[in-house]
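> I'd like to go over a predicted model; first the sequence, then the structure.
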Amino acid sequence: MIEQLTGNQVALWKEHFAGDGHERRRNVEEGIWRRTQDPRNAQQSGWSEDSEGRRRVVHYRYEYDLDHTFPVPRLVMSNLYLAVSFTAPAQEIAQWRTNIDGWLTEGNWRPKEGVWAKGDLRFSLQEWDEHPQDERAGHATPAGFRSLDVLFVTDEHTLPRAVRNLPWDVLAGGMRVKQQRGNPAYAEDLDE
């Protein structure tokens, strides 16, 4: 991320990001994004009768740290977790699979112990006729649809099941209900 940190930057890192003295681990960035096609969000999702059931779920978790391998400390992404799940018509999933295989080969990834590897990164994918998370939630996969899960992870990095299930727990919570805009007070002077 940053090849050479100054002494001041290292001190700032230790004060603001390192250790457990904060309300949460500040060296971890995590996010969840989901897009489902459903009649209830037709305007936002582009839902139509023939596309009901499409879904994309993205869950990422980046962990940053100082690396002292070289004489000058550097800021690195020490662990990467990026999971993407697609549900779409089977022919689209097949096309995604073909594209992914081509991209991995073009990017010089190599097969290694059931996954693809490049440096300390690992890539895996799984296809599903009925996604296990849909089975768990009692949702049927629409006829003619399949799911494809892809995962990028730093070698030997594992996350607890509860963390890996976060996006599915969010999805099970249902549609996000938009709130109505309130009556904000506008500050003419930021000192207020």
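Structure received.
> confirm residue 95 sits in a helix?
Yes: counting by DSSP: H, G, I helix; E, B strand; the rest coil, residue 95 falls inside a helix.
> against residue 172, how distant is it?
Separation of residue 95 from residue 172 (C-beta to C-beta, to the nearest Å): 29 Å. All C-beta spots, glycine's among them, are computed from the backbone N, C-alpha and C.
> skipping its backbone neighbours, what lies nearest the residue most central in space within the chain in space?
Centroid-nearest residue in the chain, with C-alpha atoms, centre = their mean: residue 59, separated by 2.3 Å. Closest residue to residue 59 apart from its sequence neighbours, by C-beta to C-beta, 6 or more residues apart in numbering: residue 167 at 4.2 Å.
> so which helix or strand takes in the one you found?
In this structure, residue 167 is located in helix 166-172 according to DSSP states H and E.
> now for that helix, which elements pack on it?
Contact here means 3 or more C-beta pairs under 8 Å, 6 or more residues apart in numbering; DSSP states H and E; on that basis helix 166-172 packs against strand 28-36, strand 55-67, helix 132-137.
> how about the last one: buried residues?
In terms of neighbour count (16 or more other C-beta atoms under 10 Å), helix 132-137 has its buried residues at 133, 134.
> the longest one too?
For strand 55-67, a neighbour-count test (16+ other C-beta under 10 Å) marks 55, 57, 59, 60, 61, 62, 63, 64, 65, 66 as buried.
> gap between the fifth one and residue 166?
Noted for residue 61: a distance of 9 Å to residue 166, by C-beta to C-beta.
> next one: the last one
When distances are taken as C-beta to C-beta, residue 66 and residue 166 turn out to be 27 Å apart.
> what's the neighbour count on the residue nearest to residue 118 when sequence neighbours are not counted?
Closest residue in space to residue 118, ignoring its immediate chain neighbours: residue 109 at 4.6 Å, by C-beta to C-beta, 6+ apart. Residues lying near residue 109 (other C-beta atoms under 10 Å) number 18.
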